[in-house]
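Q: Give the three-dimensional model of this entry:
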Amino acid sequence: MADKNVDVEKRHEDVEKRHDSSRVASTFIKYAAYLIIFFGILWFLINYILPQF
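A: Numbering: from 1, shown residues only. Next up, the predicted model:
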């Protein structure tokens with residue numbers, strides 16, 4: 001019976017590792033989107049707003 005518990009724990013750890021990597025990937029995508037939006041706004045300000053002054 002101890003062997004079965006060890007197998008279950010190993011499988012559970014594998015599931016957690018996959019979940020963590022997907023969380024890292026989704027967090028990277030989220031912050032990459034934030035950066036794209038930020039630089040898009042910055043580009044708009046530099047090209048359209050600042051030349052008016």
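
Q: So what's the model's average confidence on the strand or helix carrying Y31?
A: Y31 is located in helix 2-44, with elements delineated by DSSP states H and E. In this model, helix 2-44 has an average pLDDT of 80.

Q: contacting residues for R23?
A: Listed by CB atoms under 8 Å, 6 or more residues apart in numbering, the contact set of R23 is empty. In this view, the C-beta of every residue, glycine as well, is placed from N, C-alpha and C.

Q: What separation do you get for it and L35?
A: 19 Å (CB to CB, to the nearest Å).

Q: How about residues contacting stretch 44-53?
A: In this structure, no residues lie in contact with stretch 44-53 by CB under 8 Å, 6+ apart.

Q: Please point out which parts of it sit buried.
A: By neighbour count with 16 or more other CB atoms under 10 Å, stretch 44-53 contains no buried residues.

Q: Give me the distance between the two termini of it.
A: Using CA to CA, to the nearest Å, the end-to-end distance of stretch 44-53 comes out at 14 Å.

Q: so how many other residues sit close to K30?
A: K30 sits with 10 neighbouring residues when counted by other CB atoms under 10 Å.

Q: Likewise for V24?
A: 10.

Q: Over to the one 4 residues further on?
A: Each residue near F28 was counted by other CB under 10 Å, and the total is 10.

Q: I'd like the distance between it and I36.
A: 12 Å.

Q: Next: S26.
A: Distance of S26 to I36, given as CB to CB: 16 Å.
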